[in-house]
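Enquirer: pasting the sequence and the predicted model now:
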Amino acid sequence: MGLCLERYLTEGLHRYARSLSRRKSMKLFKHQQDIVEEDLKKCGLFLGTGSGKTLTALSLATGKTLVVVPKTVRDDHIWEKNLAKLDKKLDMTVVSKEDFRRDWDKYSRYDTLIHDELHNRTGVQPAIVYKNKQPRPKASQIFEACYNFIKQTDPERLYLLTATPVKNPMAVYATGLMLGKSWNFYDFRDIYYTPIKMNNREIWIPKKTTEAQERLGETIKKLGYTGKLSDYADVPEQTHRIINVALHKEQSDRIKTLSLEYPNPLVLVGKKHQVEQGVLKGDEFNKSETFPSGKLEIMENLQEEFGKILIFAKYTEQIEMIEKHFAPICPVIVITGKTENRGEFIALAEQLPVCVVVIQSSISAGYELPSFRCTVYASLSYSYVDLNQSQGRTLRINNLQKNLYVYIMSGEIDKAIYKALENKNDFQEATYETPRS
């Protein structure tokens with residue numbers, strides 16, 4: 001971090017602390033107040049990103065409360081900061097989902113249990129595995145920890161929070177189990193999945209019919225509160241723009257040689273995508289490579305126009321390239337999975353009049369940047385949840401503004417990922433490559 005950015009960090013955090021001390025108790029919006037007054041003891045809060053799920057859950061919570069969150073949200077003390085906005089005392093413990101997965105059977109009973117970013121804990125698959133010679137749905141360790149803890153301790157209140165509850169049909173099934181539904185696994189699977197044969201195995205594929213999707217939507221509504229931010233507030237126009245940038249000759253030439261080095265078609269997809277960004281991550285035998293990228297010029301033009309821009313990028317090498325490009329131009333704040341004290345940098349970004357914030361695409365939740373009007377996707381995560389969540393970093397119910405979202409695309413993989421996410425599906429290398437093969 002340069003001296004200029006260090007000075008901004010010190011001064012900016014002092015200003016941020018003073019502004020927090022002047023804030024009065026947060027008043028709930030009507031949709032939040034309506035939920036609190038109905039006072040359901042166990043339900044999902046499936047409100048759109050930026051709609052205020054955290055404050056709603058805190059307002060509903062009573063007694064000894066356990067909140068399970070992603071590690072970065074725990075480290076940034078997001079829930080403690082939100083509780084401070086309410087005129088309420090609560091005996092609250094916040095743990096990461098990683099700690100919960102490991103230690104769930106050591107926790108005592110809580111009056112209120114809250115799961116934040118639930119979609120990271122609904123890992124039930126349509127496949128069958130056998131335990132003690134008995135068939136059961138294949139499930140992740142974190143889902144089993146969540147389900148078993150609920151079943152064994154039976155908290156008086158249970159709130160499941162996510163803006164993306166329908167990540168896939170089995171995620172809805174998992175949510176139902178956590179809320180006490182005794183759904184039949186095989187019946188549920190037959191309604192929402194179709195079996196196909198692939199490499200002598202039976203694979204279950206979600207049905208894409210309108211009937212199945214509408215039925216799934218109605219099912220999730222019965223599990224809790226649903227709604228987009230626009231259902232609760234007059235949201236200004238949000239503009240989405242695609243900018244296509246031609247590959248440089250160096251990129252095109254390098255892509256032509258990749259298949260010789262990476263014969264595995266699934267690996268090859270990822271390597272092509274890297275080169276489209278102007279980077280190629282090396283392995284133990286080869287150093288990382290960089291190439292000229294027209295994306296940098298587009299980002300520089302947007303920063304000049306808006307002053308502050310938020311950039312999401314998938315690859316660490318690309319993030320480093322963007323940081324190096326902007327360092328001589330303006331303050332640059334970088335947030336990756338290795339960043340500590342993330343909350344301090346987010347607070348600084350809000351205070352700076354001009355800056356570039358570069359965040360790894362998978363770090364898409366648990367913070368807000370309402371002073372930024374332009375969000376740039378230098379490269380997209382493969383996850384629709386990441387895209388959906390990231391768009392809510394600048395669009396918040398307490399600061400509704402017009403926003404521009406720019407998707408910069410340079411090649412066929414960029415476009416294939418965008419197409420999958422636009423249809424609210426995750427991008428899967430196997431699904432992309434199989435028809436081409």
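Expert: Good, I have the coordinates.

Enquirer: make it CA atoms for all contacts and neighbour counts henceforth
Expert: Will do.

Enquirer: run a quick neighbour tally on the nearest residue to residue 191 once chain neighbours are set aside.
Expert: Once flanking residues are discounted, residue 191 sits nearest to residue 212: 7.3 Å by CA to CA, 6 or more residues apart in numbering. Burial of residue 212 is recorded as 16 neighbouring residues (other CA atoms under 10 Å).

Enquirer: thought residue 192 was touching residue 212, still the case?
Expert: Yes - checked against CA atoms under 8 Å, the pair residue 212 and residue 192 is within contact range at 6.2 Å.

Enquirer: what about the residue nearest the centre of the chain, which SS state?
Expert: Central residue of the chain (CA atoms, centre = their mean): residue 386, 3.5 Å from the mean position. Using DSSP: H, G, I helix; E, B strand; the rest coil, the secondary structure recorded for residue 386 is helix.

Enquirer: in which helix or strand would I find the residue nearest to residue 191?
Expert: Remark: residue 212 resides in helix 210-221, with elements defined by DSSP states H and E.

Enquirer: before we move on, what about residue 344?
Expert: Using DSSP H and E, residue 344 falls in helix 342-351.

Enquirer: in that helix, which residues are buried?
Expert: 342, 343, 345, 346, 347, 348, 349, 350, 351 (16 or more other CA atoms under 10 Å).

Enquirer: and the closest residue in space to the first one that isn't next to it in sequence, what's its pLDDT?
Expert: Nearest residue to residue 342, sequence neighbours excluded (CA to CA, 6+ apart): residue 76, at 6.4 Å. Taken from the predicted model, the pLDDT recorded for residue 76 is 85.

Enquirer: between the buried residues of helix 342-351, which sits nearest residue 83?
Expert: Distance to residue 83, by CA to CA, is smallest for residue 343 among those, at 16.0 Å.

Enquirer: can you pull the contacts of the closest one?
Expert: Contact partners of residue 343, counting by CA atoms under 8 Å, 6 or more residues apart in numbering, are 76, 367.

Enquirer: now residue 179
Expert: Per CA under 8 Å, 6+ apart, neighbours of residue 179: 42, 43, 158, 223.

Enquirer: can you report phi and psi for it?
Expert: Here is the backbone geometry of residue 179 (degrees, to the nearest 10): phi -90, psi 10.

Enquirer: coming back round to it: excluding its backbone neighbours, what's nearest the residue nearest to the centre of the chain?
Expert: Distances taken as CA to CA, 6+ apart place residue 364 nearest to residue 386, at 5.4 Å, with adjacent residues excluded.

Enquirer: from memory that neighbour sits against residue 383, does it?
Expert: No - using CA under 8 Å, residue 364 makes no contact with residue 383, being 10.3 Å away.

Enquirer: and residue 152, what element?
Expert: Using DSSP H and E, residue 152 sits in helix 141-153.

Enquirer: which parts of the stretch 201-350 of the chain are strands?
Expert: Using DSSP state E, counting those that start in this stretch, the strands assigned to the stretch 201-350 of the chain run over residues 201-206, 224-227, 238-244, 279-280, 289-290, 308-313, 332-335.

Enquirer: out of the ones you listed, which comes closest to residue 372?
Expert: Residue 372 lies closest, by CA to CA, to one member of the strands of the stretch 201-350 of the chain: strand 308-313, at 6.1 Å.

Enquirer: give me every residue that touches residue 287.
Expert: Neighbour list for residue 287: residue 281 [criterion: CA under 8 Å, 6+ apart].

Enquirer: and the pLDDT for it?
Expert: pLDDT recorded at residue 287 is 86.

Enquirer: same check on residue 7?
Expert: For residue 7, the model assigns a pLDDT of 53.

Enquirer: pull out the buried residues from stretch 87-101.
Expert: Neighbour-count burial for stretch 87-101 flags 92, 94, 95, 96, 97, 100, 101 (criterion: 16+ other CA under 10 Å).

Enquirer: inside strands: which ones of those residues?
Expert: When DSSP state E is applied, those are split such that 92, 94, 95, 96 fall in strands.

Enquirer: now for the contacts of residue 179: which two are most distant?
Expert: Farthest apart among the contacts of residue 179 by CA to CA are 158 and 223. That separation is 11.7 Å.

Enquirer: and for those two, which residues touch both?
Expert: Shared contacts of residue 158 and residue 223, defined by CA under 8 Å, 6+ apart, are found at 43, 179.

Enquirer: more neighbours: these two, which one.
Expert: More neighbours surround residue 158 than the other of residue 158 and residue 223, with 26 against 20 (other CA under 10 Å).

Enquirer: show me what contacts the more buried one?
Expert: With CA under 8 Å, 6+ apart, residue 158 has these contacts: 41, 42, 43, 112, 113, 114, 179.

Enquirer: partner residues bridging it?
Expert: Here residue 158 sits in beta bridges with residue 42, residue 113, going by DSSP bridges.

Enquirer: which pLDDT does the model give it?
Expert: pLDDT recorded at residue 158 is 98.

Enquirer: over to residue 284?
Expert: Note for residue 284: predicted pLDDT of 67.

Enquirer: who does residue 95 bridge with?
Expert: Beta bridges link residue 95 to residue 68 when assigned by DSSP bridges.

Enquirer: ok, back up a step: would CSV of the strands of the stretch 201-350 of the chain with distance to residue 174 and mean neighbour count be doable?
Expert: Listed next are the strands of the stretch 201-350 of the chain as CSV, based on distance: least, CA to CA, whole Å; neighbours: other CA atoms under 10 Å:
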stretch, distance to residue 174, mean neighbour count
strand 201-206, 15, 14
strand 224-227, 14, 17
strand 238-244, 33, 12
strand 279-280, 38, 24
strand 289-290, 42, 16
strand 308-313, 30, 24
strand 332-335, 32, 20
